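In: sharing a model that was predicted from the sequence below.
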Amino acid sequence: MLEINNLHVKLEDEDKQILKGLSLTVEPGSVHAIMGPNGSGKSTLSYVLSGRDGYEVTDGTATLDGEDLLDAEPEERAARGLFLAFQYPVEIPGVGNMTFLRTALNAQRKARGEAEISSGDFLKLVRAKAKDLKIDAEMLKRPVNVGFSGGEKKRNEILQMAMLEPKMCILDETDSGLDVDAMKLVSDGVNALRAPDRAFLVITHYQRLLDHIKPDVVHIMAAGRIVKSGGPELALEVEKNGYADILAEVQA
Amino acid sequence: MTTAAAKSPRAARREARQASTAAYLETLTLPEGPAWLTGLRKDAMSRVAELTLPDRRDEYWGYTNPERLIAQEVRAAEVFRITDEPPMYQGIDRLKLVFTDGVFDAEASDSLEGEGLEITRLAEAGDIHWAKDLYGALEAKGQKPVARPLAALNTAQARDGVLIRVTGKVSRPVSLAYYRKSESATAVLHHVVKLEAGAELTLLENGPVAARSSMCLEAEIGDGAVLHHVRTMGRDHERKGVTNLFARVGKGGLFKSFSLSMNGRLMRNEAMVWLTGEGGSAHLAGAAMGDGTFHHDDTVFIAHEAPGCESRQVYKKVLRDGAVGVFQGKILVEQAAQLTDGYQLSQSLLMDENCQFLAKPELEIYADNVKCSHGSTSGEISPDHMFYLRSRGVSEEEAKLLLVLAFLAETLDEISNDHIAEDMRLRLRRWLEKHSH
Ligand SMILES: Nc1ncnc2c1ncn2[C@@H]1O[C@H](COP(=O)(O)OP(=O)(O)OP(=O)(O)O)[C@@H](O)[C@H]1O
Ligand SMILES: [Mg+2]
């Protein structure tokens, strides 16, 4: 589904290389986790995949279902089924959460040649999904993320994902800032979306999330590359011993 | 310091200004009218002579050149018919008064009658009229602390307008619609609104007015009275004009004024509001959008003269392709006005690098126990906001539109009538859709 090959990325305005030959393949129906020290380039990877400005791809490729991702506009990537749950969701004063959700949903439908959703159906849908995530009606009425707590923002990301039903979901530290109960809610939300034609790339620092969302593959990222991949036990090892051993082993 | 025997350059300049103003006034004739009105017009002429016409060097004319607002010769402007736009205030039952090329158009207007209302056309005011104590009075008071000679000139020159006295809570808005037929006509209109204690009125204004216009509104808002004012200007590209708004708000009274301005060449919107009784409120808001030769100036003064009053100024501008936005706003708090709550916000969204926002936000406070804040910023659309929206599938164009409307939303919040606010929002949206490239 998602195929990244030898990806090299530097900052556009600075002579700073962040991704240095990253390769990764995510198959449909699977959950891949990425762990790695701070600053190793995990968020950069998620931004580059979703089309944020400010980065320059100097080498390598990334495709979604065999089609090039890197030259497409962010909205095209979204319409093709890519979704990023942000590590730091922004607050957008003046844009109502509901308006935003509806505009996004209809824009994607339009791009795929589908009809707009009726207001009635939209309301029903959003209420049901919000309820699952314990997002109350008052929060839906507020401007996007404005005045939301850290955990509420993360839940709002998952609500958007549940509404848009993307096929390639990237979750960047969605667990950080969540209390134990919210972590459960969010994980249930993600698990509910698991399907044979949908895949997840879960960036996290903690094994705990992976207890709820069981990964098929765990990757360790360091200095802009995937340095080790393995099964769920790799996450346990990181939890127990940190990155030092793994990095030493890789360098050796 | 020694005093020079020769005339100072300053005095010489003043003499020259007085002479040129006198020469300008020479060319004008006063409109006909009852003796009381003629008297008041003459007084206003003397005020102009004394104040002299505005000049670039004046403190509040530094950002906007008054030249084209006073030049004898008015350049013709292509007629923008009001029907070129979707009808304003659709679906709102209202008493409609129409002015065509600056003259009251009885045929197109509703009859001047309404429950709780007393309406007279200025040009038909009789020998005895309640407005004789008000016409030009607030304008004259408003010459301090800053001279507003164009307002005085309006008082002297206005041939038409309406005089509205409100004695009760009027639910049906009075709507002043300005149509244009002539390319070259200028319009000078002067309205007076008096709300008796406890009265309530919504006053709407819209339409392209004239090739060049000067509009003055004086509003006396009695104790506990409420005046909602909504003015829409746009999208006539060649609009040039000045508006002067004077409002005195009594004890517990409320004045809300919202102004929408789209396109046009040169607009100067001045407002002077006094809060004269305890617990009074004034909310002034403006949304302006324009591109190219657009020059829009909001110059707003709110004077707190009594304790426990609240005021808000919320002005936002979206500028594109060389447009210039000006905001000059002052909250003036007199010594007696303890427990004042004053808020002023002026912001511009610059859609490209050629635009300019010139701001002069001021606080002048003589009372010690007050809460006043002001902020003025200009910036671009946040790339982070853009990316967030686009990453969810929203097109670049639509994302921009949403964010521009979001930027302006705070001004629309100042409109009490949801129906009207929504109408404004749609109009803004339509303008943005037309102008997105
Ligand atoms: N726009 C930028 N300007 C300057 N430096 C940047 C920029 N974006 C990323 N970097 C740098 O690139 C490196 C990788 O950052 P990135 O945010 O991708 O790390 P991360 O793996 O997500 O870290 P964390 O675990 O702390 O979230 C860091 O050193 C960061 O400072
Ligand atoms: Mg990160």
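Out: Happy to help now that I have it. From a predicted model like this one, the values you see are computed outputs, not experimental measurements. Ligands and ions are numbered 1, 2, ... in the order given.

In: how about the helix or strand hosting residue A:83 and ligand 1, touching?
Out: Take DSSP states H and E as the rule and residue A:83 turns out to sit in strand A:82-85. No. Strand A:82-85 is not in contact with ligand 1 by C-beta under 6 Å from any ligand atom; minimum separation 12.3 Å. For every residue, glycine as well, the C-beta is placed using N, CA and C.

In: CA atoms of that strand as PDB?
Out: Output of strand A:82-85 as PDB, limited to C-alpha atoms (Å, rounded to 0.1, in the frame of the first residue of the first chain):
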ATOM      1  CA  LEU A  82      -3.800   9.400   3.100                       C
ATOM      2  CA  PHE A  83      -4.400  10.800   6.500                       C
ATOM      3  CA  LEU A  84      -2.100  12.200   9.100                       C
ATOM      4  CA  ALA A  85      -3.100  12.600  12.700                       C
END
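
In: given the helix or strand just after it, what are its sheet partners and their directions?
Out: Downstream of strand A:82-85, the first helix or strand assigned by DSSP H and E is strand A:92-96. Applying DSSP bridges to the sheet, strand A:92-96 is found paired with strand A:143-144 (antiparallel).

In: let me see the mean pLDDT of the strand it pairs with.
Out: Averaging pLDDT along strand A:143-144 gives 95.

In: ok, back up a step: packing partners of the strand holding residue A:83?
Out: Strand A:82-85 sits against helix A:42-50, helix A:150-164, strand A:168-172, with contacts defined as 3 or more C-beta pairs under 8 Å, 6 or more residues apart in numbering or on different chains; DSSP states H and E.

In: how about the second one: buried residues?
Out: The reference is to helix A:150-164. A:151-164 (16 or more other C-beta atoms under 10 Å in any protein chain shown).

In: so which of the residues you listed would count as near ligand 1 as well?
Out: Checking the buried residues of helix A:150-164 against ligand 1 (C-beta under 6 Å from any ligand atom), there are no matches.

In: stretch A:1-19 spans what distance, first to last residue?
Out: End-to-end distance for stretch A:1-19, by C-alpha to C-alpha, to the nearest Å: 21 Å.

In: pick the one among the buried residues of helix A:150-164 closest to residue A:66.
Out: residue A:164 (21.5 Å; C-beta to C-beta).

In: for residue 251, grab the count of nearby residues.
Out: By default, I'm working from chain A. Neighbours of residue A:251 under the rule other C-beta atoms under 10 Å in any protein chain shown: 8.

In: you looked at the wrong chain, it should be chain B
Out: By other C-beta under 10 Å, 18 other residues sit near residue B:251.

In: for residue B:368, same thing?
Out: Using other C-beta under 10 Å, residue B:368 is surrounded by 8 other residues.

In: quick check: buried residues in stretch A:233-240?
Out: By 16+ other C-beta under 10 Å, the buried positions in stretch A:233-240 come out as A:234, A:235, A:237, A:238.

In: turn those into a markdown table, columns for distance to residue A:8.
Out: Below are those laid out as a markdown table (distance: C-beta to C-beta, whole Å):
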| residue | distance to residue A:8 |
| --- | --- |
| A:234 | 25 |
| A:235 | 27 |
| A:237 | 28 |
| A:238 | 25 |
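
In: so of the residues you listed, which ones are in helices?
Out: Per DSSP state H, helices hold the following members of the buried residues of stretch A:233-240: A:234, A:235, A:237, A:238.

In: I'd say residue B:229 and residue B:260 touch.
Out: No. Residue B:229 lies out of contact with residue B:260 (C-beta atoms under 8 Å); the separation is 11.8 Å.

In: out of the two, which sits in the more crowded spot?
Out: The neighbour comparison of residue B:229 against residue B:260 (other C-beta under 10 Å) goes to residue B:260, with 24 against 20.

In: now the closest residue to ligand 2 within chain B: which helix or strand?
Out: Closest residue of chain B to ligand 2, C-beta to the ion: residue B:384 (15.0 Å). Using DSSP H and E, residue B:384 sits within helix B:383-391.

In: can you give me the helices for chain A?
Out: Using DSSP H, helices in chain A cover A:42-50, A:74-79, A:97-111, A:119-132, A:137-141, A:150-164, A:180-193, A:207-212, A:233-241, A:244-251.

In: which of those has the lowest mean pLDDT?
Out: helix A:244-251 (a mean of 80).

In: check contacts around the residue of chain B closest to ligand 2.
Out: Counting by C-beta atoms under 8 Å, 6 or more residues apart in numbering or on different chains, residue B:384 touches residue A:90.

In: run through chain B and note the low-pLDDT ranges.
Out: The model of chain B has pLDDT under 70 over residues B:1-5, B:81-85, B:436-437.

In: ok, residue B:192 - how many residues close by?
Out: Applying other C-beta under 10 Å, we find 28 residues neighbouring residue B:192.

In: which strands or helices does the host helix or strand of it pack on?
Out: Here residue B:192, judged by DSSP H and E, is contained in strand B:186-195. Using 3+ C-beta pairs under 8 Å, 6+ apart, the elements in contact with strand B:186-195 are helix B:149-157, strand B:162-166, strand B:174-179, strand B:200-206, strand B:212-221, strand B:226-233.

In: ok, and the closest non-adjacent residue to whatever residue of the stretch 51-200 of chain A ends up closest to chain B?
Out: Here the residue of the stretch 51-200 of chain A nearest chain B is residue A:94; by C-beta to the nearest C-beta that distance is 2.7 Å. Once flanking residues are discounted, residue A:94 sits nearest to residue B:406: 2.7 Å by C-beta to C-beta, 6 or more residues apart in numbering or on different chains.

In: which SSE is that neighbour in?
Out: With DSSP H and E as the test, residue B:406 turns up in helix B:396-412.

In: for that helix, buried residues please.
Out: For helix B:396-412, the neighbour count (16+ other C-beta under 10 Å) marks B:398-412 as buried.

In: do stretch B:348-361 as well
Out: Under 16+ other C-beta under 10 Å, the buried positions of stretch B:348-361 are B:348, B:349, B:350, B:351, B:355, B:357, B:359, B:360, B:361.

In: helix, strand, or coil at the first one?
Out: Assigned state for residue B:348: strand (three-state reduction, DSSP: H, G, I helix; E, B strand; the rest coil).

In: who are the contact partners of it?
Out: Counting by C-beta under 8 Å, 6+ apart, residue B:348 touches B:316, B:317, B:318, B:319, B:325, B:327, B:355, B:357, B:359, B:377, B:378, B:379.

In: ok, those vs residue A:221, which is closest?
Out: residue B:379 (35.2 Å).

In: surely that closest one meets residue B:349?
Out: Yes. The criterion here is C-beta under 8 Å, and residue B:379 meets it with residue B:349 at 6.9 Å.

In: before we move on, the earlier item: what is the nearest of the contacts of residue B:348 to ligand 1?
Out: Of all the contacts of residue B:348, ligand 1 sits closest to residue B:379, with 19.0 Å by C-beta to the nearest ligand atom.

In: next, count neighbours for the closest one.
Out: Residue neighbour count, defined by other C-beta under 10 Å, stands at 11 for residue B:379.

In: gap between it and residue B:353?
Out: Distance of residue B:379 to residue B:353, given as C-beta to C-beta, to the nearest Å: 12 Å.

In: again with residue B:410
Out: In this structure, residue B:410 and residue B:353 are 25 Å apart, going by C-beta to C-beta.

In: distance to residue B:274 added to the helices and strands packed on strand A:82-85, as JSON lines?
Out: Formatted as JSON lines, these follow (distance: least, C-beta to C-beta, whole Å):
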{"stretch": "helix A:42-50", "distance to residue B:274": "54"}
{"stretch": "helix A:150-164", "distance to residue B:274": "44"}
{"stretch": "strand A:168-172", "distance to residue B:274": "55"}
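
In: out of the buried residues of helix A:150-164, which comes closest to ligand 1?
Out: If you rank the buried residues of helix A:150-164 by distance to ligand 1 using C-beta to the nearest ligand atom, residue A:154 comes first, at 14.0 Å.

In: ok now the strand or helix carrying residue B:430, how far from the chain's centre?
Out: In the assignment (DSSP H and E), residue B:430 maps to helix B:418-435. Distance of helix B:418-435 from the chain centroid (C-alpha atoms, centre = their mean, to the nearest Å) equals 20 Å.
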